[in-house]
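K.L.:
Here is a sequence together with a model predicted from it:
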Amino acid sequence: MDDQASQQQKNEQEMRDIIEEARCILPGLQAVFGFQTIAVFNERFTDLQTYAQACHLVGLCLLVVAMGMLMTPAVYNRAQHGHATSRMVRTSRKSIRGALMPLAVGLSLDMLTVMSLATDSLSLSIAAAVASLLLFVGLWYLIPRSDPIQVAEPRS
């Protein structure tokens, strides 16, 4: 019984940590989403090449996906009335980590859009977008994996 209670406490603490992580990321993402949305109504948006407009809109959609994935742990926790399970923790971890890829791609596509407008050079715009994507992947995926201390996911 103590093992079960201890695991329940660990699950609940882990869910609080996960939800707190999402709370740190979400406001910045919402601000970026707001600016991306406003950009469509700007006069200069129509000056963009069709590919840049499409990249901006795809990037906007990817930010919506990332926001949904970041909000999932809190909704899941609320739906279960704060009763955290090992499955909820695993799903929530995957949701938070998984949100980073659409966020990285969406921001990189936005970099392409901005560089396209600023430089009118497709090759420079693509280079900036690829550089941004590589930066995000390096910081969010490669550096954490290179840490010599690897903590295994808890098993249910």
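P.N.:
Great, that's in hand.
K.L.:
rest of the way, CA atoms for contacts and neighbours
P.N.:
OK.
K.L.:
in the lengthiest helix in the chain, what counts as buried?
P.N.:
When the chain is parsed with DSSP state H, its longest helix is helix 2-40. Within helix 2-40, the residues scored as buried using 16 or more other CA atoms under 10 Å are 7-8, 10-12, 14-16, 18-19, 22, 26, 29, 32-33, 36.
K.L.:
What helix or strand is residue 124 located in?
P.N.:
Using DSSP states H and E, residue 124 sits in helix 122-137.
K.L.:
any idea how far the helix or strand that comes right after that helix is from the chain center?
P.N.:
As assigned by DSSP H and E, the chain's next helix or strand after helix 122-137 is helix 143-146. Relative to its chain's centre, helix 143-146 lies at 17 Å (CA atoms, centre = their mean, to the nearest Å).
K.L.:
Who are the packing partners of helix 143-146?
P.N.:
Helix 143-146 sits against no helix or strand, with contacts defined as 3 or more CA pairs under 8 Å, 6 or more residues apart in numbering; DSSP states H and E.
K.L.:
Can you show me the CA trace of that helix as PDB?
P.N.:
The C-alpha coordinates for helix 143-146 follow below in PDB (Å, rounded to 0.1, in the frame of the first residue of the first chain):
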ATOM      1  CA  ILE A 143      22.100  19.000 -26.000                       C
ATOM      2  CA  PRO A 144      19.700  17.300 -23.600                       C
ATOM      3  CA  ARG A 145      20.500  13.900 -25.200                       C
ATOM      4  CA  SER A 146      24.300  14.500 -24.900                       C
END
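K.L.:
how far is the helix or strand encompassing residue 92 from where the chain is centred?
P.N.:
Counting by DSSP H and E, the element that carries residue 92 is helix 86-119. From the chain centre to the centre of helix 86-119 is a distance of 4 Å (CA atoms, centre = their mean).
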